[in-house]
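Asker: I would like the atomic coordinates for the input below:
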Amino acid sequence: MKFTKATNYALHTMLYLAKERADQQPIGVQQLADHQQVSPTYLSKILTKLVKEGLITSSSGANGGYRLRSGWQQLSFFDIIQAIEGKASIFECSLHDEPACVVKRVMEKAEVQMEKELRQTTIASLLEDKSSE
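Answerer: Numbering: from 1, shown residues only. A predicted model of the protein is given here:
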């Protein structure tokens, strides 16, 4: 199992926006890209997905950039991953998606457990953990 690099960049971007209090002041794509040493063009594509899914907002102009949506403290890792990777299951049964497939049942059960963990982990909880270190 492997998530794309886009998911990696999206999670780090959301954490950076939260640390920099981007719910109050927008941060430009160049600053976000510099922080992760990634192309601003590539990161813009990721940011577009996060905007489209309503996780962040964007504004244009000299002081424009990206900011966290209100209520961002409730955003989970699962929300961010789903915004980038989509809502499809990570496993597809090769037997024509047979419902009785035992392999599919095991994989779906594992996926449910992983989703549960990702839904319980929020960006805000990571900030709290880091501040207590």
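Asker: what ranges do the strands span in this protein?
Answerer: Applying DSSP state E to the chain gives strands spanning 56-59, 65-68.
Asker: Tell me how many other residues crowd G61.
Answerer: For G61, the count of nearby residues is 7 (other Cβ atoms under 10 Å). Where you see a C-beta, it was placed from the backbone N, CA and C, and this is true even at glycine.
Asker: Same check on I123?
Answerer: By the criterion of other Cβ under 10 Å, I123 has 24 neighbours.
Asker: quick one: pLDDT of it?
Answerer: Predicted confidence (pLDDT) at I123: the value is 93.
Asker: is it true that it touches A18?
Answerer: Yes - using Cβ atoms under 8 Å, I123 makes contact with A18 at a distance of 4.8 Å.
Asker: what's the overlap in contacts for these two?
Answerer: Common contacts of I123 and A18 (Cβ atoms under 8 Å, 6 or more residues apart in numbering): W72.
Asker: List the residues that contact the spatially most central residue of the chain.
Answerer: For the chain, the residue nearest the mean C-alpha position is I80 (2.3 Å; Cα atoms, centre = their mean). Contacts for I80 (Cβ under 8 Å, 6+ apart) come out as T7, A10, L11, M14, L50, L55, I123.
Asker: returning to that earlier point: do you know which of the strands of the chain lies nearest V102?
Answerer: V102 lies closest, by Cβ to Cβ, to one member of those: strand 56-59, at 40.8 Å.
Asker: Name the strands paired with the closest one and say parallel or antiparallel.
Answerer: In the sheet, strand 56-59 lines up against strand 65-68 (antiparallel) (DSSP bridges).
Asker: gap between the strand it pairs with and the chain center?
Answerer: The chain centroid and the centroid of strand 65-68 are separated by 14 Å under Cα atoms, centre = their mean, to the nearest Å.
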